[in-house]
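S.K.: I need the structure of the sequence given here:
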Amino acid sequence: MFNTALTLSRSKVMGGFAAVLLAATSFATTAFAVTPEEIKAKGTATIGVQMDQFPWGFIDPKGQNDGFDIEIAKLIGKELGVEVKFERITGQNRIPLLVNGNVDFLVPSMTITEERAKVIQYVIPYSSNDITVWGKKDAAIKANEDLGKYVIGVNRGSAFDPLLVKVAPPNTQIKRFDDDATTVQSLLSGQVDAIVGSITYGLVIKQAGYDAQFERKYKVADNFQGMAVRKGDKEMLAFLTDFVTRHTADGTLDALYKKWIGVDRAKLPTTLPGVDFTGKQ
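M.R.: Below you'll find the model as predicted:
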């Protein structure tokens with residue numbers, strides 16, 4: 001099975017991104033290190049979450065944050081005994097917000113990659129989100145080699161972008177969009193023939209009433225997701241690792257995943273090639 005963490009290590013795009021942020025991380029881990037006790041003392045946990053991507057994190061009709069990640073973030077806040085303040089993240093700003101100290105940690109449904117692991121400290125996976133091709137039902141797309149015949153959309157700054165560049169034929173016309181919501185909209189509005197991204201795009205397509213016109217074509221890759229803290233935040237890493245371990249064992253994460261994603265949560269790895277989950281490297 002395709003291993004996202006290993007394959008994306010070869011991406012020059014993500015490699016350059018990691019190099020740019022590495023110096024900033026060295027400063028941030030010293031200046032902004034945070035512990036569970038410090039969060040308890042200030043009474044508030046500032047958590048970076050998505051606010052534009054159903055069902056992971058979104059704003060409901062009442063103007064409130066909701067979704068899979070939101071429920072998890074609230075549960076973390078409850079265990080810390082503090083109020084939770086949500087900070088909106090996107091594919092472009094989430095790592096800078098973390099390393100610059102704007103948030104205490106991320107609950108981001110973010111793909112775990114070797115490049116990002118050089119800049120931030122991942123917690124063991126808590127979720128997965130197969131990287132999938134969604135397209136028009138009449139588009140003859142069954143495998144990567146077929147992508148070159150169509151216009152393909154992708155969320156720039158996401159792990160989907162460099163993966164698409166790697167697996168698609170060189171002649172593939174790729175259009176990039178600012179976030180998941182606009183990527184899905186590009187398909188529904190006819191700007192592109194297909195999109196590469198989250199398996200949960202299908203929920204958005206169905207919710208919008210377009211499931212008769214578009215379909216899941218095939219799975220491109222595994223996509224394991226992790227929360228993240230700053231490098232050096234060892235106590236926060238230990239707290240969140242324990243959180244994921246306990247709530248995997250007691251079924252809480254399975255139940256939330258089934259509720260929001262609509263399928264069973266996969267058995268997730270606790271190690272990945274090139275990624276340190278211990279904070280010791």
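S.K.: Please report phi then psi for Gly48.
M.R.: With angles defined as degrees, to the nearest 10, Gly48 sits at phi -80, psi 120.
S.K.: Wait, it touches Phe105, no?
M.R.: Yes - assessed by CB atoms under 8 Å, Gly48 is found in contact with Phe105 at 7.3 Å. Bear in mind the C-beta positions are built from the backbone N, C-alpha and C, glycine included.
S.K.: if I look at the two, which residues touch both of them?
M.R.: Shared contacts of Gly48 and Phe105 (CB atoms under 8 Å, 6 or more residues apart in numbering): Leu98.
S.K.: Which residue ranges of the stretch 1-150 of the chain form strands?
M.R.: 44-49, 52-53, 57-59, 65-66, 83-88, 105-111, 121-122, 127-128, 131-136 (DSSP state E, counting those that start in this stretch).
S.K.: Just the helices from the stretch 1-150 of the chain, written as ranges.
M.R.: 4-7, 12-31, 36-42, 68-80, 94-99, 114-117 (DSSP state H, counting those that start in this stretch).
S.K.: Which residue, other than its chain neighbours, is closest to the most centrally placed residue in the chain?
M.R.: Centroid check for the chain by CA atoms, centre = their mean gives Met110 as the closest residue, at 2.0 Å. Among residues not flanking Met110 along the chain, Gln225 sits closest, at 5.9 Å (CB to CB, 6 or more residues apart in numbering).
S.K.: now Asp161
M.R.: Nearest one to Asp161, counting by CB to CB, 6+ apart, is Val154 at 5.1 Å.
S.K.: Can you name the next helix or strand after the helix or strand harbouring that neighbour?
M.R.: For Val154, the element it lies in under DSSP states H and E is strand 151-155. Later in the chain than strand 151-155, the nearest helix or strand by DSSP H and E is helix 160-167.
S.K.: what is the mean pLDDT for that following helix?
M.R.: Across helix 160-167, pLDDT averages out at 96.
S.K.: what helices or strands is that helix leaning on?
M.R.: The elements that helix 160-167 packs onto, with contact taken as 3 or more CB pairs under 8 Å, 6 or more residues apart in numbering; DSSP states H and E, are helix 4-7, helix 12-31, strand 151-155, strand 173-177, strand 194-198, strand 214-221.
S.K.: which of those has the lowest average pLDDT?
M.R.: Among the helices and strands packed on helix 160-167, helix 4-7 scores lowest, at a mean of 36.
S.K.: what residues go with each domain of this structure?
M.R.: Structural domains annotated on the chain: 36-129+224-261, 130-222, as defined by the TED database.
S.K.: from those domains, which stretch is densest packed?
M.R.: Highest mean neighbour count among the domains of the chain (mean count of other CB atoms under 10 Å): domain 36-129+224-261, with a mean of 20.
S.K.: still on that earlier bit, nearest to Asp233, out of the strands of the stretch 1-150 of the chain?
M.R.: Asp233 sits nearest to strand 121-122 of all the strands of the stretch 1-150 of the chain, at 6.5 Å, using CB to CB.
S.K.: Parallel or antiparallel, list what pairs with that closest one.
M.R.: Strand pairing for strand 121-122, using DSSP bridges, gives strand 224-229 (antiparallel).
S.K.: For the partner strand, output the C-alpha coordinates as PDB.
M.R.: Extracted C-alpha coordinates of strand 224-229, given in PDB (Å, rounded to 0.1, in the frame of the first residue of the first chain):
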ATOM      1  CA  PHE A 224      -2.500   9.300   8.100                       C
ATOM      2  CA  GLN A 225      -3.200  12.500  10.100                       C
ATOM      3  CA  GLY A 226      -1.700  13.800  13.300                       C
ATOM      4  CA  MET A 227      -2.100  16.600  15.800                       C
ATOM      5  CA  ALA A 228       1.000  18.700  16.200                       C
ATOM      6  CA  VAL A 229       3.000  20.700  18.700                       C
END
